[in-house]
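the following block contains a protein sequence and its predicted model.
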Amino acid sequence: MEEIDSGEGYIGWTEALQLIGTTITPNPAVVTNLEGAVGQVASEDLTSKLSCPDHATSLKDGYAVVSDDIVEASSDRPVSLRCIGEAFAGVPFSGSIPSGSCVHITAGAYIPDGANAVCAGEFCSPLATAGTVSIRANARPGRNILPVGGDVTRGELLVRRGERITAPHLAVLAAGGFTEVPVYRPSAVMIIAIGTEIAALGDRLLPGQLYASNLAQCMGWLRQYGLPVRTRVVPDDGPAIQGVLAEALRSDIDFIITSGGAWGSLRDLVLANLGQIGWRQIFYRLRMGPGKGTAFGVATRPMGEPLPSGCRPEVPVMCLPGGPPSNEMAFLQLALPAIMRQSGLCTRLFPEIRAVLTEPLQGRGRDWTQFFRVSLASGPDGVLLATPSTAVGVGSGSAPRRGQRLTEMAKSLALARLPEGVEFLDKGCAVTVQILSAQALASPRGPA
Ligand SMILES: Nc1nc2c(c(=O)[nH]1)N[C@H]1C(S)=C(S)[C@@H](COP(=O)(O)OP(=O)(O)OC[C@H]3O[C@@H](n4cnc5c(N)ncnc54)[C@H](O)[C@@H]3O)O[C@H]1N2
Ligand code: MOO
């Protein structure tokens, strides 16, 4: 019998990423308000329009002073200064401070002309003599003063083009004078779950059916990345599959994911039906595990019909294998990077760190990339330890396989990778680990 999975004609994971990179171009830019920008990708280098603060301001509530006046001040030998006015945040003192004087000041207030330090209120007491303050500590020049641009400086690069905008970015953007931000339009994605045995979430299960858990997971990731998602469930039926693909291509969907029906059985109909509607296949099958049965290509929107506004004539399509471990890995390693590239992302999707293996990892072959689900823990010397899961398809190649697939996937949000060229790593070796979520590094015991 002919071996259909010898890996012949397959491409490597890095080559697949390169092909995705050369096929997909970013969506057009749109302008969003600051609130809508979080999680989106900047479509231009964003440089500050303002310096913040625009004037030196006080960091403390206390007294603005001439530093030289209080060089000798201490609790034993306090120095008395004449208080000549007040400076509040938003209400500056209008004069200048001569030597021997001070101004009562609050945090955020402009430093009055002539002053070059602020003595915190804890070291100052107003005296019975009206308008006099006793200062019990010195304050070097610049003490408790936030200089001009101490938060952001006009012209400073705040967010790079292609970088995802985070909550702290909103702070610098707001301070830097942005109320609107140019971002790449986030891709609208349609996920089509294919399989006569697949029930849509919430539908009544018929005998032999199971819920579309793949679709739920992919939808969850896409929502987490702020992308609009639509979902469909169709049976293993050519006309039904073509119908829903045609619906997606007529709509404003930017990227299509199919799930299931992608291997080679009599009921695996996706590629044949994409062929019927005229797609251009770019790759099918990879030296990557799990996820080898993935296909990628582009489909063209119907000729002679107006393009949905802001949409391109070609729509990338990623066909994910149906088995949950493969489906998830192909989604995370191929589909999500592709969709985020289309949404403008230029940086790596998931951070990577090195950890020490507590069990050996056996890959499938020297020229394959193999991903293993691991849990992370801190070792004796603070070394990060990676322990492979043992569930079928998601865990170590050498450890005995037990455990549940979906449950294991939900428990550990880190993936060890055996890259091409490395087929085996022994216990105690360092391995590269992708962090899918910061929760992978959080203590399971709850808040500290
Ligand atoms: N001769 C071989 N057959 C198969 C191989 C192989 O190497 N040689 N690999 C198996 C693996 S592993 C996978 S994964 C699948 C990939 O092929 P398909 O994309 O055609 O997968 P399906 O047949 O549609 O489904 C496989 C499995 O997954 C369940 N499934 C499908 N969709 C969903 C969904 N949305 N949510 C949850 N579960 C889903 C489906 O019921 C099947 O149990 O090929 C194998 N065959
Ligand atoms: O490649 Mo599959 O996900 O059923 O193990």
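Arrived safely, thanks for sending. Ligands and ions are numbered 1, 2, ... in the order given.

pretty sure Cys165 is touching Glu35, no?
Not quite, residue 165 is Ile, not Cys. No: if you go by Cβ atoms under 8 Å, Ile165 and Glu35 don't touch, sitting 10.9 Å apart. Every residue, glycine included, has its C-beta placed from N, CA and C.

okay, now the unreliable bits of this protein?
Within the chain, the ranges that satisfy pLDDT under 70 run 1-4, 391-402, 443-448.

so which residues on the stretch 151-300 of the chain come close to ligand 1?
Listed as neighbours of ligand 1 in the stretch 151-300 of the chain under the rule Cβ under 6 Å from any ligand atom: 193, 195, 197-198, 210, 212-215, 259-263, 268, 293.

what about the residue of the stretch 251-400 of the chain found nearest ligand 2, how many neighbours?
Taking Cβ to the nearest ligand atom as the measure, the stretch 251-400 of the chain has Gly323 as its residue closest to ligand 2, at 1.9 Å. Residues near Gly323, counting by other Cβ atoms under 10 Å, number 20.

and this structure, which residues reach ligand 2?
Within reach of ligand 2 by Cβ under 6 Å from any ligand atom, the chain has these residues: 290, 321, 323-326, 393.

report the beta-bridge partners for Ile353.
Val433 (DSSP bridges).

mind jotting down where the helices sit in the stretch 301-448 of the chain?
324-330, 336-342, 405-411 (DSSP state H, counting those that start in this stretch).

the first one packs against which elements?
With contacts taken as 3 or more Cβ pairs under 8 Å, 6 or more residues apart in numbering; DSSP states H and E, helix 324-330 sits against helix 213-224, strand 286-289, strand 314-320, helix 405-411.

the closest residue to ligand 1 within the stretch 1-150 of the chain and Thr369, how far apart?
Ranked by Cβ to the nearest ligand atom, the top residue of the stretch 1-150 of the chain for proximity to ligand 1 is Asp5, at 5.0 Å. Distance, Asp5 to Thr369, by Cβ to Cβ, to the nearest Å: 16 Å.

any idea where the strands of the stretch 101-250 of the chain begin and end?
Listed in chain order, the strands of the stretch 101-250 of the chain (DSSP state E, counting those that start in this stretch) span 101-105, 117-120, 124-126, 132-135, 145-146, 157-159, 180-184, 189-194, 198-199, 210-211, 229-234.

please compute how far the third one lies from its chain's middle.
Strand 124-126 has its C-alpha centroid displaced from the chain centroid by 50 Å (Cα atoms, centre = their mean, to the nearest Å).

neighbouring strands of it in the sheet, and parallel or not?
Sheet partners assigned to strand 124-126 using DSSP bridges are listed as strand 132-135 (antiparallel).

equivalent analysis for the last one, please.
Paired strands of strand 229-234, with direction, are strand 189-194 (parallel) (DSSP bridges).

list of residues touching the strand it pairs with?
If you take Cβ atoms under 8 Å, 6 or more residues apart in numbering as the criterion, strand 189-194 is touched by 200, 212, 214-215, 218-219, 222, 227-236, 241, 244-245, 248, 251, 253-261, 269-270, 322, 339.

so Ala299 is in contact with Phe255, correct?
No: Ala299 lies out of contact with Phe255 (Cβ under 8 Å); the separation is 10.6 Å.

measure stretch 201-213 end to end?
8 Å (Cα to Cα, to the nearest Å).

pull out the buried residues from that stretch.
211-213 (16 or more other Cβ atoms under 10 Å).

how about stretch 168-182?
Buried-residue list, stretch 168-182, by 16+ other Cβ under 10 Å: 169-170, 172-173, 175-176, 178, 181-182.

in helices only, show me those residues.
169-170, 172-173, 175 (DSSP state H).

between the residues you listed, which is nearest Ile353?
Distances from Ile353 to these, taken as Cβ to Cβ, are shortest for His169 (22.8 Å).

return the distance of the closest residue to the closest one other than its chain neighbours relative to Val233.
Setting aside the residues directly before and after it, His169 is nearest to Val159 in space (Cβ to Cβ, 6 or more residues apart in numbering), at 5.4 Å. Using Cβ to Cβ, Val159 is found at 38 Å from Val233.

likewise Tyr63?
Relative to Val233, and taking Cβ to Cβ, Tyr63 is found at 70 Å.

neighbour count winner among these two?
Tyr63 (29 against 21).

what strands line up against the strand or helix carrying the more buried one, and which way round?
Counting by DSSP states H and E, the element that carries Tyr63 is strand 62-65. Strand 62-65 pairs in its sheet with strand 101-105 (antiparallel), strand 117-120 (antiparallel), by DSSP bridges.

what sits up against the last one?
So that's strand 117-120. Contacts for strand 117-120 (Cβ under 8 Å, 6+ apart): 58-67, 70, 73, 102, 105, 111, 135, 137-145.

try 6 Å this time
Contact with strand 117-120 is made by 58, 60, 62-65, 67, 135, 139, 141, 143-144, as judged by Cβ atoms under 6 Å, 6 or more residues apart in numbering.

and the contacts of strand 189-194, which are buried?
Buried residues within these, defined by neighbour count using 16+ other Cβ under 10 Å: 212, 214-215, 218-219, 222, 227, 229, 231-234, 236, 241, 244-245, 248, 253-261, 269-270, 322, 339.

can you give me the neighbour number for the spatially closest residue to the residue of the stretch 1-150 of the chain closest to ligand 1 that is not a sequence neighbour?
With Cβ to Cβ, 6+ apart as the criterion, Asp5 has its nearest non-adjacent residue at 7.5 Å, and that residue is Lys292. Neighbourhood size, Lys292 [other Cβ under 10 Å]: 20.

follow-up on the earlier one: any idea which of the residues of the stretch 151-300 of the chain next to ligand 1 is closest to Phe93?
Out of those, the member with the shortest distance to Phe93 (by Cβ to Cβ) is Leu215, at 63.4 Å.
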